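> sharing a model prediction with you, sequence too.
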Amino acid sequence: MSNITRLTPYSELVEKVQTLARDNSYSSRDKFKGLINWAYTQEIPRKEDWSPLVASSSISCTARYNTGTVSVTAGDTTITGVGTTWVTGMTNRKIRISGNSNVYTFTYASATTGTISPALSGGSDVSGAGYVMFDDDYALASDFNRFLSGGSLYKYRSGRPYVVSEVSERKWRDEYSIDVSDETTRCRLRGFDTSMNRVVEINPAPQTAIALPYDYIKHLTPMTEYRTGYVTDITNGVATVTGSGTDWDGYISSSYTYYFRMDKDGVGDSSVWYKVASAGSDTALTLSSVYTGTSVASGSEEYTICMIPLLPYEFQDWMIYLAAVNSGIDQNDPSAQGWIAMSQQIEKQCKTIWKNRDTDQNIDVEYYQ
């Protein structure tokens, strides 16, 4: 039995599903790694609004800019301002010109010059016209996966939050407003910005600088393991480890929690894990507790370092059974039928605990083999 009683490290989850599926071959390891990560990052998060994955953030909307006047020649993309003070940050904002029904994308050139896309429509030049420049595209949190079910951005009226509805593409087109107003009523998810953050478009675009909060489900990064090189030195009663051919400080990030084991001490359900405190260099590792196994000196022993899930431990058996179900076995096989039943049972219990935030309940699961 593993020495980890709550959150099970990724590699042990993989080995447990291999045992469950009766496929412990080394060649199948990558398949089961992918299946565990699919359950972890995709299948489970999209089922419900699990409270451990709920996070909050907000977008800070930019006030409109309409100082001065503009002139544009029909069919041209060059726009000239009088009395304007345009800045670099206005690139990619939208601009609506008085007397013209289109909305254009602005690109900054100077305080009084820029370009619009597409070219000015219609057969008439625009000279000394009023305009309004606004921003309606905003990047969401870097770990944004999706809005909560039935939720979206929201705004406050008289101290109460009101949802800014996420609408379909058709409804967006049918209800789109070219006006600028702080009564933003709709939004839609677009693509990604240059940093690969999800972008939301809002309408009407705000007239003043306002904040629109939102709750969302976090994106989970796939778990990884590291097994390159060997452990050459580890001593019973000491918390330091020395490696050869390793890149431990390149693998270990402060954003995650990692566990270490000597594979000779047990794998799968027999694993003996030690939490990693830090990686001092490519070949130097410090554990959070002293090593209790048999010392190694001038050796070349295999080891494993891996992440732990960011979901509570109640989800771990569900991940294992989902991975087993998706491993390609005949779904009519009695073992597969048992795995499906166990998966459904755990899902129901996880809903009781984590959808309703009743965190005092425990889930007891016996492995079906």
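Yep, it's here. What you are looking at is a predicted structure, and each value in this text was computed from that prediction instead of being measured. Residues are numbered from 1 along each chain as shown.
> spit out the contact partners of Gly89.
The contact partners of Gly89, by CB atoms under 8 Å, 6 or more residues apart in numbering, come to Tyr108. Just so you know, the C-beta spots here come from the backbone N, C-alpha and C atoms, and that holds for glycine as well.
> no wait, Ala141
Ala141 touches 55, 57, 197, 216, counting by CB under 8 Å, 6+ apart.
> so which of these is the most crowded?
Neighbours here mean other CB atoms under 10 Å. Within the contacts of Ala141, the largest count is held by Tyr216, at 23 neighbours.
> got a pLDDT number for that residue?
pLDDT, Tyr216: 95.
> now the one 4 residues further on
Reading off the per-residue confidence, Leu220 sits at a pLDDT of 96.
> residues in contact with stretch 273-282: which ones?
Under CB under 8 Å, 6+ apart, the answer for stretch 273-282 is 2-4, 9, 12, 239, 243, 246-252, 257-261, 285-289, 291, 305.
> thought Thr286 was touching Val238?
No. Counting by CB atoms under 8 Å, Thr286 does not reach Val238; the two are 9.9 Å apart.
> low-confidence ranges in the stretch 251-369 of the chain?
By pLDDT under 70, the weakly predicted segments of the stretch 251-369 of the chain are 329-332, 356-369.
> and the helices in it?
Remark: helices assigned in the stretch 251-369 of the chain by DSSP state H, counting those that start in this stretch are 316-325, 334-350.
> among these, which is nearest Glu166?
helix 334-350 (25.8 Å; CB to CB).
> and that closest one, what other elements does it pack with?
The helices and strands touching helix 334-350, judged by 3 or more CB pairs under 8 Å, 6 or more residues apart in numbering; DSSP states H and E, are helix 316-325.
> tell me the pLDDT of Tyr108.
98.
> wait, I meant Thr5
Thr5 carries a pLDDT value of 70.
> strands of the stretch 201-350 of the chain, start to end?
Per DSSP state E, counting those that start in this stretch, the stretch 201-350 of the chain carries strands over the ranges 211-218, 225-226, 230-234, 240-244, 258-262, 274-279, 284-287, 296-301, 303-307.
> so what strands line up beside the second one?
In other words, strand 225-226. Strand 225-226 sits in its sheet next to strand 303-307 (antiparallel), going by DSSP bridges.
> so how far is the strand it pairs with off the chain centroid?
Computed by CA atoms, centre = their mean, to the nearest Å, the chain-centroid distance of strand 303-307 equals 23 Å.
> same thing with stretch 279-286?
Using CA atoms, centre = their mean, the offset of stretch 279-286 from its chain centre is 29 Å.
> now that stretch: buried residues?
For stretch 279-286, a neighbour-count test (16 or more other CB atoms under 10 Å) marks 279, 282-283, 285 as buried.
> can you tell me the closest non-neighbouring residue to the residue nearest to the spatial centre of the chain?
By CA atoms, centre = their mean, the chain has its centre lying nearest to His219, at 2.3 Å. Take His219 and drop its neighbours on the chain: the residue closest to it by CB to CB, 6 or more residues apart in numbering is Asn145, 4.0 Å away.
> the one you found in helix, strand or coil?
With DSSP: H, G, I helix; E, B strand; the rest coil as the basis, Asn145 sits in strand.
> so who does it touch?
So Asn145 contacts 45, 53, 216-220 (CB under 8 Å, 6+ apart).
> per-residue pLDDT of it, please?
With respect to pLDDT, Asn145 scores 95.
> what of Thr88?
On the pLDDT scale, Thr88 gets 97.
> thanks a lot, catch you later.
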